[in-house]
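**Student:** Pasted the sequence and its predicted model underneath.
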Amino acid sequence: MTDGEQSGPVLVVHGGAGALPGEEDRRQYLEGVRGALAAGLARLEDGAAEAACAAVAYLESETITNAGRGAALASDGTAVLDAGFMDGASRRYGGVTGVRRCMHPVLLARRLSEDGDFGRFVGAPESDTLAEAFGVPSCAPEELVTERARRLLDERAREARRRDEGPWLDTVGAVALDAAGRLAAAVSTGGMSLKRPGRIGDSPVVGGGYWADDRHGACVTTGVGEVLMRQGTARRCVQLLSEGHAPGAAARDALAELVDYEGDRRGASGLILVTREGAVVLDHNSVEMSGGWIRPDGRSEVTAAWRRTT
Ligand code: ASP
């Protein structure tokens, strides 16, 4: 899906690449995306960073997506969260991994991006102490775990044994362009369902899961973290843009590399991209991917199954 108008401030949100399990889930995902777009748009006048983080924080509070409360569970049945944020003006980034006591790791990542010359990347157990230091509400680990997430973990464990495969994906992310031409990228996840304790995916890793550079564009990815990190897909997509690729082609080629060279044979990946002019691309090679975009004049599109249009 691309937005043909291609200019001016915009917020793009996704609810993850994968296959939505049924009609009711699809409805809830799309409702979540609509809510996130509204929450983010309400902050777009305050800046791209505020808008992207507000959208992702909304989905962290929602229980349907794989972020914050209701996130996909690790193999030991606990929720272990990762998040990342990058500011396109300063190109500072923040990444947190292994968060067990905070419903809004994206806000921790945002605050970390303001620390030091380049931002910061913090792992467990210190990532859990950041909430207090930054004044972000913390929570008990059990508050992150929903009945649905427990049920999905059981079903997925059975299914994985039967078919010898994972993964189940539905990381959330947002990219935004504000009226001052600033770009931002934000991402949050419980990681891949059934992940082993200690596993870190692409979402907190700058360049793999997210990238923002006011000179070119901002991108957030979803899919198999091990592959996205190795390929540096978010940065790669923006780099292709900077080398003159059209937005749709940059997205398509960055995703194609995952399949061609990096072994994502199941086609489980997707990304959202916004250019510095405000063109929007949402592309995926997974069966489905929920998401949408919205502009300050209220024009918007939300869908569960994007198809490449360029
Ligand atoms: N990229 C995430 C990870 O590997 C999973 C996802 O996109 O849902 O942790």
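**Tutor:** Sure, I can see it. Numbers count the residues shown, from 1 in each chain.

**Student:** which intervals of the stretch 101-250 of the chain have sub-threshold pLDDT?
**Tutor:** 158-169 (pLDDT under 70).

**Student:** got the residues of it near the ligand?
**Tutor:** 169-171, 189, 191-192, 201-203, 222-225 (C-beta under 6 Å from any ligand atom). Yep, even glycine has a C-beta here, placed from its N, CA and C like the rest.

**Student:** Helices along the stretch 1-150 of the chain, start to end?
**Tutor:** 23-41, 48-61, 105-113, 126-134, 147-163 (DSSP state H, counting those that start in this stretch).

**Student:** Can you confirm whether the second one lies near the ligand?
**Tutor:** No - if you take C-beta under 6 Å from any ligand atom as the test, helix 48-61 misses the ligand, and the best it gets is 12.1 Å.

**Student:** same for that helix, what does it pack against?
**Tutor:** strand 10-18, helix 23-41, strand 81-87, helix 105-113, strand 172-177, strand 183-189 (3 or more C-beta pairs under 8 Å, 6 or more residues apart in numbering; DSSP states H and E).

**Student:** elements contacting the first one?
**Tutor:** Read it as strand 10-18. Using 3+ C-beta pairs under 8 Å, 6+ apart: strand 10-18 touches helix 23-41, helix 48-61, strand 172-177, strand 217-222, strand 270-275, strand 280-284, strand 288-294.

**Student:** by how many degrees do it and strand 280-284 diverge?
**Tutor:** Going by axes from the mean of the first three to the mean of the last three C-alpha atoms, to 10 degrees, strand 10-18 is angled at 0 degrees with respect to strand 280-284.

**Student:** picking that back up, now the helices and strands packed on helix 48-61 as CSV including mean neighbour count and distance to residue 70?
**Tutor:** As requested, these are exported to CSV (neighbours: other C-beta atoms under 10 Å; distance: least, C-beta to C-beta, whole Å):
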stretch, mean neighbour count, distance to residue 70
strand 10-18, 30, 12
helix 23-41, 19, 10
strand 81-87, 33, 11
helix 105-113, 29, 14
strand 172-177, 34, 11
strand 183-189, 33, 12
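
**Student:** Between the ones you listed, which one is closest to residue 241.
**Tutor:** strand 183-189 (11.5 Å; C-beta to C-beta).

**Student:** Can you check what angle separates that closest one from strand 10-18?
**Tutor:** Interaxial angle, strand 183-189 versus strand 10-18 (the same axes, to 10 degrees): 30 degrees.

**Student:** ok, how many other residues are close to residue 134?
**Tutor:** 15 (other C-beta atoms under 10 Å).

**Student:** Make 580 the first number, not 1, from now on.
**Tutor:** That works, and once the first residue is 580, the last one we named lands at residue 713.

**Student:** I figured it was touching residue 687, is that so?
**Tutor:** Yes - here residue 713 reaches residue 687: they are 6.2 Å apart, a contact under C-beta atoms under 8 Å.

**Student:** What strand or helix carries the nearest residue to residue 824 once chain neighbours are set aside?
**Tutor:** In this structure, residue 824 finds its nearest non-sequential neighbour in residue 832, 6.6 Å apart by C-beta to C-beta, 6 or more residues apart in numbering. Using DSSP states H and E, residue 832 maps to helix 826-839.

**Student:** re the thing from before, same list (the helices and strands packed on strand 589-597) but as CSV, adding distance to residue 721.
**Tutor:** Output for the helices and strands packed on strand 589-597, formatted as CSV (distance: least, C-beta to C-beta, whole Å):
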stretch, distance to residue 721
helix 602-620, 22
helix 627-640, 16
strand 751-756, 21
strand 796-801, 26
strand 849-854, 31
strand 859-863, 33
strand 867-873, 27
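
**Student:** who wins for proximity to residue 639 among the helices and strands packed on helix 627-640?
**Tutor:** Judged by C-beta to C-beta, the one of the helices and strands packed on helix 627-640 that comes nearest to residue 639 is strand 762-768, at 5.5 Å.

**Student:** got the angle for the closest one vs strand 796-801?
**Tutor:** 10 degrees.

**Student:** Just the residues contacting the following helix or strand past strand 762-768, thanks.
**Tutor:** Counting by DSSP H and E, the next helix or strand C-terminal to strand 762-768 is strand 789-792. Contact with strand 789-792 is made by 663-667, 670, 672, 752, 754, 762-766, 782, 797-800, 813-814, 816-817, 821, as judged by C-beta atoms under 8 Å, 6 or more residues apart in numbering.

**Student:** Many thanks, have a good one.
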